[in-house]
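Student: task: produce atomic coordinates for the following.
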Amino acid sequence: MIPTAIPKGVRVLPPPEAARLRWIQKKLLTVFQRWGFREVLTPTFEYLEVFAHEAGDGVYGTTFKFVDRQTGLLLALRSDLTPQVARMVASTMRDHPLPLRLAYSASVFRHEEPQAGRQREFFQAGVELIGSDRPEADAEMIAMAVEGCQEAGLRHFQIDVGQVEYLRGLLSALNPAPELRRRILSALRRKDAVELELTLKPLPAEARLKEGIQHLTTLYGGEAILERAKAWAVTEQSRFALENLTQVYTVLKTYGLADHIIIDLGETYAFDYHTGVVFQVFTESLGYPIGSGGRYDNLIGQFGYPCPATGFAFELEKVLAALEAEGILPRDQGPDFLIMDFNPDKRQALHIAQTLRSKGYAVARDIIRRDLEGSLDYARVSAIPRVIVLGIEGMSGDRLTLRDLTTGTATTFSVAEFCQQVTDGTVQWPT
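Tutor: Purely as a prediction, here's the structure:
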């Protein structure tokens, strides 16, 4: 017997879960399209070198690798879509006028321990804005993230926005050893002020510089943080970063989105990869981000085409988990109609099905022999909201009964009348 188990870290999605995944995917892609982004498709596997540029949260070390038996070269399953888009821009789209607005939605594979909201295979939907280093480009990414949350139906969310060059400027002046640098970043990531103070205390650096780094754990909040941070921007690089973040925030205020924005100058997400504004999307109901993004001006240049860029992506399973936690996950719905025909001649049932399908409705026919109650039970379990019944005892052969399983109502039509009203649009139903 063939085993039915599946590998660790992957899932099968039965119809209700698959439908929800496609639903949120469509919602987000619709937002991206409204902002002028066009979808691209990338291969499921690439040469390993495409993912060798340390990106995101250090995904290269978690890439699934295998050998091409024809060439002996190392290949890799897609572990991050951004490097794939970068390669595409540097090659296939090199001569296209800028900026490029590109969107995607696909599965991603990472060899890591499954965790809350993420398996080894998970789904992303995101965008990349290529060719602009303006604050408006960064603000556009954050505004789209807000609109994506709203389109999904999330009510309680916030976008934590930082600027990695602010911290990078302070660290450059401090110039700690690599191990100390890792400890500083780890403490900032955890907002551990005590650990940060103990790490910085023995370093032979200006007290004001060390105080500036220590204060990063408190530079978290609303617009006032931008003013407070000026006192600790003791390097030119940090001052420039703060001015850039202020410009981005100003654009976001113009969009009317300030209520959704939290400034976090201690943000270290993908610190060694990003080159400017970074952000993560959080909801009140989950303890982990459902999306993230930021500026990565150096990546495309590693493919031989220096070009500024910014982008972000949602993790679809995490968005659905947030919706479920808020109690607003859409209910499962199967086909719009199930036709139950107890007549020996099935031509009327086929005509009804064709008429409904021509108007965009999803229609299934119950083709297994069973009684009426058995067919109704099947419809309920299959989340089919409406059934059409023909040929039951006491009903003439040219009539049907439409039963709404949601409301419990039933209406009788002649077959000809029903099909004509569907064709004319006199009767309509939500899909």
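
Student: any low-confidence regions in this protein?
Tutor: Regions of the chain meeting the criterion pLDDT under 70 cover residues 53-60, 116-117.

Student: spatially central residue for it, please.
Tutor: The centre of the chain sits closest to residue 314, judged by C-alpha atoms, centre = their mean, with a distance of 2.2 Å.

Student: what about it, which SS state?
Tutor: Put simply, residue 314 is strand when judged by DSSP: H, G, I helix; E, B strand; the rest coil.

Student: ok, now how distant is it from residue 258?
Tutor: Going from residue 314 to residue 258 by C-beta to C-beta, to the nearest Å gives 22 Å. C-beta coordinates here come from the backbone N, C-alpha and C atoms, glycine included.

Student: and for residue 287?
Tutor: Noted for residue 287: a distance of 25 Å to residue 258, by C-beta to C-beta.

Student: of those two, which one has the most company?
Tutor: Per other C-beta atoms under 10 Å, whichever of residue 287 and residue 258 has more neighbours is residue 258, with 13 against 8.

Student: hang on, that one packs against residue 221?
Tutor: No. In this structure, residue 258 sits apart from residue 221 without contact. The criterion is C-beta atoms under 8 Å, and the distance is 12.0 Å.

Student: list the contacts of the residue nearest to the centre of the chain.
Tutor: Under the criterion of C-beta atoms under 8 Å, 6 or more residues apart in numbering, the contact partners of residue 314 comprise 28, 124-126, 145, 148, 281, 290-291.

Student: what's the closest non-adjacent residue to it?
Tutor: Counting by C-beta to C-beta, 6 or more residues apart in numbering, residue 291 is the residue found nearest to residue 314 once chain neighbours are left out, at 4.0 Å.

Student: can you give me the strands in the stretch 51-200 of the chain?
Tutor: Listed in chain order, the strands found in the stretch 51-200 of the chain under DSSP state E, counting those that start in this stretch are 65-67, 74-77, 100-109, 121-130, 157-163.

Student: next up, the contacts around the nearest residue to residue 120 once chain neighbours are set aside.
Tutor: With C-beta to C-beta, 6+ apart as the criterion, residue 120 has its nearest non-adjacent residue at 2.8 Å, and that residue is residue 9. If you count contacts by C-beta under 8 Å, 6+ apart, residue 9 has them with 114, 119-121.

Student: do residue 330 as well
Tutor: Applying C-beta under 8 Å, 6+ apart as the definition, the contact partners of residue 330 turn out to be 20, 23, 323.

Student: A strand includes it, no?
Tutor: No. With three-state DSSP as the criterion, residue 330 is located in coil rather than a strand.

Student: residue 418: which of the contacts of residue 330 is nearest?
Tutor: When the contacts of residue 330 are ranked by distance to residue 418 (C-beta to C-beta), residue 23 comes first, at 29.3 Å.

Student: can you give me the neighbour number for residue 113?
Tutor: Residue 113: 9 surrounding residues under other C-beta under 10 Å.

Student: residue 196 too?
Tutor: For residue 196, the tally of surrounding residues (other C-beta under 10 Å) stands at 24.

Student: now it: closest residue in space that isn't a chain neighbour?
Tutor: The shortest distance from residue 196 to any residue that is not its chain neighbour, by C-beta to C-beta, 6+ apart, is 4.1 Å, and that residue is residue 187.

Student: would you confirm that the one you found contacts residue 213?
Tutor: No. At 9.5 Å, residue 187 and residue 213 do not qualify as touching, with contact defined as C-beta under 8 Å.
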